[in-house]
Each structure stands twice: as structure tokens, then as C-alpha cells.
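Student: Return atomic coordinates for the entry below.
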Amino acid sequence: MESTEPVNILLVDDQPAKLLSYEVILRDLGERLITASSAGEALGHLLRHEIAVVLVDVCMPDLDGFELARMIREHPRFERTAIIFISAVHLTDADRVRGYEMGAVDYVPVVPEVLRAKVRIFVELFRKTRQLETLARDLEQRVAERTAALAASTARLMESERRRSVALEAGQMGSWDWDVRTGECVWDPGQYRIFGVEPETFVPTFDRIRPMIHPDDLRRLHALIEAGGECQTFQAEVRIVRPDGEERWCVCAAAVTCDDAGEAVRVSGVTLDITDRKQAEERQLLLAREVDHRARNALAIVQAIVRLTAATSPHSYVASVEGRIRALAQAHTLLSESRWKGADVRRLVDEELEPYRHGARHLTTEGPTVYLPPDRAQVLALALHELATNSVKYGALSAETGSLAVDWQVADDLMVLRWTETGGPPVRPPQSRGFGTRILESSVNQQINGRVTLDWRESGLVCSLVIPIGERPDQPVGEETAPETADSHTPEPAGAPAALRVLLVEDEALIGMMMHDLLIDLGVAVVGPVRSVAEASSAVAAGEFDCAILDLNLGQETVYPVAATLKRKGVPILFATGYDSESVDRAFADVPVMQKPVARETLADMLRDHLAAATPGMAAPPSEPPQRTSRRRAARLGTA
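Tutor: Presented below is the predicted three-dimensional model:
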């Protein structure tokens, strides 16, 4: 935009008449004319005003025009100011050369038309120069502003990228970009980390990435990308197989970019490593299943106590059931305090004997600090309860003069607990094995492979419990072979028709006893309960069975090897477990599962249906039990 504002023209001459004439000549230009009659005055105007053109008379008395021009040029501010010499006398070429050497841009005679034309030209040059300078300053300002804005934008982008990288790293994520047409892939550091490769040595191409994705997931990814032809986003869970063989679970979320024809040209997305979450979910699922399994096992034990407990009256029945459940609950409380790592023997003993300590001095306990694993702690709690109940009813704790001493010692990974009663009523050996004795022998001798010794002295019962505190032994302590028990096989009555032979494998003593009795009630010949994989394998090798009922977990082992052998022999199998059917190995997905606690009706129906399906024509167990002698007897340890 051109400026019409007048510019300053400095007229320097020592003669006022000449100055007046210059003004007359130049006034039609419409510019601002400033006059000076000496060199000093001219320098003063230059310092105060912005001068476009300086017209100087060559001949002046104090300081001629040449010297003034030299002085003006020496000042940095006026290096480019236009200076025109005016002379009517010095008109030779030498005069002109000298003028130019002093910095003049022109040397003209006092001819009005020539002078006016020359001044006009330099005024216009001055205006153009000033416009260019203004434009330059404006451009520089704009460039500076744009540069600052660009720098700020770059800084924001870098900060955003930094935050994105931090967020991706914190979230165990990586980002990637895949050019579908060229196959070129670009990864960020997080993506390399997830895949377990180094950026310096691994160049991501589709051909190199493909083997690192699980084949099943790769097919799903292909299908998703093809379906993303409409330029949609997709998300999928995939398994990444790192070069070291480690498998990582990841979520890939991506967006497909398409060209004008609707064909996918680029896929960009992020990868989230969810391995920790998957493992946590698996642990949570496993924990939920384990809690469910333990709860069902606990209910099955309670069910067994309820079904097996014998009594002469409802009141004594309730007391017996409550006492046994309370003993197990006390063991569970101690185990939960240690997160099921173990229970303190002293606390188990003290908890059981606490109700009998009031005002009495005939109870003594002594022994070192010993922690029993959960299975052995529960067995000891029940055994102590049976001994205490028997003592309160018939032994030393039933008399004021009676004394009880409980002590225990540890040697060679065995704990020997001695229960000694004295001062009570006279004791005689029992004539038959009662329920209490069955509990002691089944749980200690067979469930945990310990040893129970009952010495019926006249002065009082002395019971010795030998309990393994280390790894569970393969056979009962002190025995060379697994002992034969009354429960190991129930003979068929003479003259009776051949009954179904069922192998019962169950390591929990009370549940095994209950299942044994339920099967007997159904008219089945029972072999068992067998309580370990080794014993079960020996039984399968030695005998023939029409069916087998197997507990899934036998201590630290699973029953699957026994199940596989039975399956090869064509023996129908039923699983009885606290776990659900989803927890069963896929190789046995066709095997029916009875979840504990098992009701008698459920057992009868599943036996009948499974045997009918597996072996058509085989006689199924009856729904109603055959008539037989009642097993209800007195609750005394020696006779129950």
C-alpha cells in the first residue's frame, strides 16, 4: 500500500535568496521542505528529522557542500540518504566526480525542471524504500509470529507425544502402523517391548510378524481386516509368541484407512499387553473354583457327620453332630488365620480341651510348637474331639478324680501325640469297633497314612497318634503294605445274587465312610474306599469292577491315571468331586460328574442311568435299599 504522506526534503544553502528559489521550484511536489543556511544547522535537522533528499549548495563559506556530504555519509544513520549537489558554477566533470566521491547521488545545475525531476525521482525512491522496509518489518513480524506459533505447536506435539509414550508404556501398550500395499510396518518402542524384540536387530515386516502371532488368532485377524474394508475400527484378543517361546495375551485395537475405491490401504492401531490381567483372571477363576471345591468338600464332610453319627436320642444326636462340626470349624479358623498354610497343634489341643478346664487342675498339655498341614490338622481336630467326647462320657473327664495328660514330640518328620487318661472309671476293651474308632482309624491310618494305637488299660485309655508332618507317606506309618480294613471290601451274603462291584476311590475319611454306607444301602458290593492313586491302581490291576466312583483329587495327586486305566478296560466311571464339570480334564469330558455333597437319590440315579447307558442289560442298583440289620448303635467310642 503506497503512502501519500509528505516526506522531508532538506535544502542547504548560505544564501536565503537561493533557498527561496529552491522552495519555489520544488513546492509543486507537495513535500515538506526544510531549509538550513549552514552545515551545522543542516546536521541538526538531519538528527531531528527523517530526511528523504538533501539538496546542498557546493559553495558555502564555512563548510562547503563536499565536506558536509562527507560528514553526513560518515554517520551510520545517513549512509543511504540521497544527497544532490546544486551548483551554477562548478559544472566540470571533475566537480561531478568529486561530488560522487563524497557520496552524492547526483550533481545538477540550477535548472528548475531538471532539479524538480531529479528530486521527484529520489523522493519516490525514498518512499519505495520506506515501503519495502515497512513490508520487510511486517514480514519479519509475521515470520517471527509464525515461527513462534510453529515452535509452540511443535512443543505441544512433542509434549503430547511424550505423554502418549508415557501413557502407552505405563499401560503396557505399543502403537503400530501398517501400509497394506507395501507391507511396511512402523512400531514404537512399546510394540518392540511387547513382542520381546530389539529395535536395532528386528525390522517389522508382515512376513516376520506373522509367525509371532498364534495361528488361530492370525486367522481371526485376517477376517477382521477383510471385514474392515468399510474403513471401520476393530478390536481383538490375540496371543503373541515371543522369540524365547513366552506367550503373551494382547488386545489389538485398530482403524482401517481406505482409498477412494474403498480398499484398505493402511491399518493403524495400538497393542495392549493383558497377560497380567489374564493371569489374574485365571487365578481368580482358580480361586473361585478352589473356594467352591473347599466349601463343597466341607459340606460333604458335614453331610457325612450328619449321616454317620449314631445316637440313642435326638438330644444326644444333636450334641454329637454339633461337637464334631465345631471341632472342624475350630481347625478351619486356625487354618484361615495362616491362609491355609498350617495349624498350631497346641492351639488345636487347647481349643478342644478349653471347655473342661474350669476349676480343674487335672488337665496338662505339653509339647513343642508344631504346625500341621491343612489335611492333617483337620484329622487331628476330629480325632481330639472323638477322644475328648469319649473321655467326658466314659473316661477320665467324666470323674472329678480323673486326670488327662496330652503331650507330643517330633522326630523324623513324624509327630507322636500321646493321650493318657487316669483316675476315671475302670476301662475294659470294647467288644466291637464303634463309630469313634472307625473315624480315628479311617482318618489317621488311611487318610493321612498315620497310625493310631488304642491301649485300653484298666487305669484309663492311652491313645497314641503318629501323624506325618512332612510330605504324606505312600503307606501308613509302620506298615509295609496298606492295611486291610472292614471297609475295604463288603462281602456278599451267602446265596445272594451277584451284586454290582463298585470301586470307591475317596481320600477324605468321613466322606469315604458315608459313600461306602450309601452304596451298601443301594445293594452294591463296594471295594474301598481306596485313598491314593497307588492303592487304586493296584485295586484296578487286581480286580474286576462293574463301575468306579472316583474322587478327582487324592492329596497332591489327581485320579486321572486310574480313570484312564479303567476307561481302557471299558469300566464305566463316575467322578465325585467338589469341582464343577468344567474343571475336569478334556480327555474325560464324557464322564458324568457328581458334585459334593452327594445325595443318596443322586447317587442311585446316576449309577442307574450311567450303567444303563454304558452297559445295556446290566442290572442297575435298586432305588430302595434292601432290608438289613440296622447300623445304629450306642455312641460310645468302643461300641458305636
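Student: number of nearby residues for the residue nearest to residue 577 when sequence neighbours are not counted?
Tutor: In space, residue 577 comes closest to residue 552 once its chain neighbours are excluded; the distance is 4.1 Å by CB to CB, 6 or more residues apart in numbering. C-beta: built from backbone N, CA, C; applies to glycine. Residues contacting residue 552 under the criterion other CB atoms under 10 Å number 21.
Student: For residue 552, which residues are in contact?
Tutor: Counting by CB atoms under 8 Å, 6 or more residues apart in numbering, residue 552 touches 558, 559, 575, 577, 579, 583, 584.
Student: got it, and residue 172?
Tutor: Contacts for residue 172 (CB under 8 Å, 6+ apart) come out as 190, 194, 272, 273, 276.
Student: with those residues in mind, which one is nearest to residue 391?
Tutor: residue 276 (54.1 Å; CB to CB).
Student: picking that back up, which PyMOL command selects the buried ones in the contacts of residue 172?
Tutor: Applying 16 or more other CB atoms under 10 Å to these, the buried members can be selected in PyMOL as follows:
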select buried, resi 190+194+272+273
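Student: Mark which of the contacts of residue 172 are part of helices, please.
Tutor: 190, 194, 276 (DSSP state H).
Student: for these, which one is nearest residue 4?
Tutor: Nearest member of the ones in helices among the contacts of residue 172 to residue 4, counting by CB to CB, is residue 190, at 64.3 Å.
Student: just checking, residue 66 touches residue 60?
Tutor: No. At 9.9 Å, residue 66 does not count as touching residue 60 under the criterion of CB atoms under 8 Å.
Student: picking that back up, adding distance to residue 52 and pLDDT, write the ones in helices among the contacts of residue 172 out as TSV.
Tutor: Shown next, in TSV, are the ones in helices among the contacts of residue 172 (distance: CB to CB, whole Å; pLDDT from 0 to 100):
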residue	distance to residue 52	pLDDT
190	66	87
194	72	88
276	79	88
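Student: And stretch 389-407, what's buried?
Tutor: Those buried within stretch 389-407 under the rule 16+ other CB under 10 Å are 389, 390, 391, 394, 395, 396, 397, 402, 403, 404, 405, 406.
Student: before we move on, the earlier item: could the contacts of residue 172 be laid out in JSON lines, adding distance to residue 430?
Tutor: As requested, the contacts of residue 172 are exported to JSON lines (distance: CB to CB, whole Å):
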{"residue": "190", "distance to residue 430": "74"}
{"residue": "194", "distance to residue 430": "70"}
{"residue": "272", "distance to residue 430": "68"}
{"residue": "273", "distance to residue 430": "66"}
{"residue": "276", "distance to residue 430": "59"}
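Student: Going by distance to residue 357, which of the contacts of residue 172 wins?
Tutor: For the contacts of residue 172, the nearest to residue 357 is residue 276 (50.9 Å; CB to CB).
Student: quick one on the thing from earlier: now do the same for the residue nearest to residue 577: its pLDDT.
Tutor: According to the prediction, residue 552 has pLDDT 88.
Student: again with residue 63
Tutor: 72.
Student: tally of neighbours for the residue nearest to it when sequence neighbours are not counted?
Tutor: Spatially, and ignoring its direct neighbours in sequence, residue 63 is nearest to residue 39 (3.8 Å; CB to CB, 6+ apart). By the criterion of other CB under 10 Å, residue 39 has 21 neighbours.
Student: Residue 39 and residue 187: what is the separation?
Tutor: Going from residue 39 to residue 187 by CB to CB, to the nearest Å gives 77 Å.
Student: if we can go back for a sec, please produce TSV containing the ones in helices among the contacts of residue 172, extended by distance to residue 154.
Tutor: Formatted as TSV, those follow (distance: CB to CB, whole Å):
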residue	distance to residue 154
190	23
194	29
276	36
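Student: Residue 177 contacts residue 266, doesn't it?
Tutor: Yes. Look at residue 177 against residue 266 with CB under 8 Å: they come within range, at 6.9 Å.
Student: how about a markdown table for the contacts of residue 552, with neighbour count added?
Tutor: A markdown table is the format used below for the contacts of residue 552 (neighbours: other CB atoms under 10 Å):
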| residue | neighbour count |
| --- | --- |
| 558 | 15 |
| 559 | 26 |
| 575 | 22 |
| 577 | 23 |
| 579 | 19 |
| 583 | 18 |
| 584 | 19 |
